[in-house]
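K.L.:
Here you go, sequence then predicted model.
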Amino acid sequence: MKAELIKINPKNPEQEIIDRAGKILREGGLVAFPTETVYGLGGDGLNAESSARIYQAKGRPSDNPLIIHIAQMEDLETAARRIPKGAVRLAERFWPGPLTMIFPKTDIVPYETTGGLDSVAVRMPGHPAALALIRAGGGFVAAPSANRSGRPSPTLAAHVAEDLGETVDMILDGGRAGIGLESTIVDFTEDVPVILRPGYINREMLVSCIGQVNMDPGLQEQNRPPKAPGMRYRHYSPRAPLAIVQGEAGRAAAFINELARMEEQKGGRAGILACRETEHLYQAGLVKSIGSRSLDETIAKHLYQVLREFDQEQVSCIYSESFDTPRMGQAVMNRLKKAAGGRVIQVPDDE
Ligand code: AMP
Ligand code: MG
């Protein structure tokens, strides 16, 4: 492995390590680092060449823009223009935290960072190691998730090493990413703010802070492209084909059992994505519980890790229950449907 993998104290990061990592960023190199959402692949967001290296390392399509991470509120105006009052209110309420906002960009932000767009996405992450690194790296760190494009986002440093160990200069290991799903993205370039990607900060939380907030219709409607370029691609995917089975829990489990048995008869092995409340219902396949429906943060936290574990177990197909939970269900199902390439099987309620 080319990358230097260094353990860092996630609550109180060692300054000596941060200084070294910051120097790499200022010199145009790439450092993967923990955030409270998922691991990020950082480069200097104001340096066009660094951004080009990020795209190359990830194998990311060059029209899929990067998020610029800042560490202090004053820096927002350096990267973004026309910042409405509502956005300031959201920043006061949720920054540092898992919220990204989109504004018209300033001239200092290169098009290589914004995928050719005139707008820029900005977030102030809440993770102490991320904030320290951003400060040491010059204040504007472009950081998409630190996975190869299309793969599940990394929630552990080991996932980063697996995907990008040969291409980045340094990986900071701060343990497990707390939330496990990418930030909520809100677009402030329209009259009414629009959610382009659901996340831990859900619509109700945004509405209670600033009133009207719309959902990008492209997130729901099949025939309409989502506005965030990154939401158009197949994404977050394990290697084996994944399908979501929707319906009442008992019926969905019976259906998945049947599909898993059929897979065994064909000489394959099905991976099953279940939860604590349902895992006992399965008699076939390789069953993994990703968390509890009554504590849906645990489902968000383990989703990507379990998808990667199925890769390692070399299952031939994966069936997942549906996790339409009230708090994080929208974000979880958004990622799961992308990972499934939209394959959803509806089990009827009645015979
Ligand atoms: P990632 O950093 O891997 O979590 O991906 C960043 C996400 O933010 C992708 O879905 C991008 O398409 C989206 N994004 C970043 N900048 C913009 C922008 N200026 N306009 C719309 N979407 C954006
Ligand atoms: Mg990503």
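P.N.:
On my side now, so go ahead. Ligands and ions are numbered 1, 2, ... in the order given.
K.L.:
and the residue in the chain positioned nearest to ligand 1, backbone torsions?
P.N.:
Residue of the chain nearest ligand 1, by CB to the nearest ligand atom: residue 230 (2.2 Å). Any C-beta I mention is one placed from the backbone N, CA and C, and that applies to glycine too. Main-chain torsions, residue 230, degrees, to the nearest 10: phi -70, psi -20.
K.L.:
Do I have it right that it meets residue 64?
P.N.:
Yes: with contact defined as CB atoms under 8 Å, residue 230 counts as touching residue 64 (4.7 Å).
K.L.:
which of those two has more neighbours?
P.N.:
residue 230 (24 against 18; other CB atoms under 10 Å).
K.L.:
do you know how far that one is from residue 105?
P.N.:
Relative to residue 105, residue 230 is positioned 17 Å away (CB to CB, to the nearest Å).
K.L.:
For the residue nearest the centre of the chain, list the residues it contacts.
P.N.:
What sits nearest the mean C-alpha location of the chain, by CA atoms, centre = their mean, is residue 182, with 2.8 Å. Residues in contact with residue 182 (CB atoms under 8 Å, 6 or more residues apart in numbering) are 37, 38, 145, 153, 197, 199, 335.
K.L.:
run the last query once more with 7 Å
P.N.:
By CB atoms under 7 Å, 6 or more residues apart in numbering, the residues touching residue 182 are 37, 38, 145, 153, 197, 199.
K.L.:
In a markdown table, list these along with neighbour count.
P.N.:
As requested, these are arranged in a markdown table below (neighbours: other CB atoms under 10 Å):
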| residue | neighbour count |
| --- | --- |
| 37 | 29 |
| 38 | 27 |
| 145 | 31 |
| 153 | 26 |
| 197 | 23 |
| 199 | 23 |
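K.L.:
The protein against ligand 1: which residues are in contact?
P.N.:
64-65, 67, 102, 114, 117, 119-121, 144-145, 182, 185, 196-197, 227-231 (CB under 6 Å from any ligand atom).
K.L.:
from the residues you listed, which ones fall inside strands?
P.N.:
67, 102, 119, 120, 121, 185, 196, 197 (DSSP state E).
K.L.:
Find the pair from those residues with maximum spatial separation.
P.N.:
For these, the farthest-apart pair by CB to CB is 120 and 197; their separation is 15.5 Å.
K.L.:
what about residue 148, distance to residue 200?
P.N.:
Per CB to CB, residue 148 is found 24 Å from residue 200.
K.L.:
With residue 281 instead?
P.N.:
29 Å.
K.L.:
And the two? Which one has more around it.
P.N.:
Legend: neighbour count by other CB under 10 Å for residue 281 and residue 200, higher for residue 200 (23 against 17).
K.L.:
so what's that one up against?
P.N.:
98, 179, 181, 184, 328, 331.
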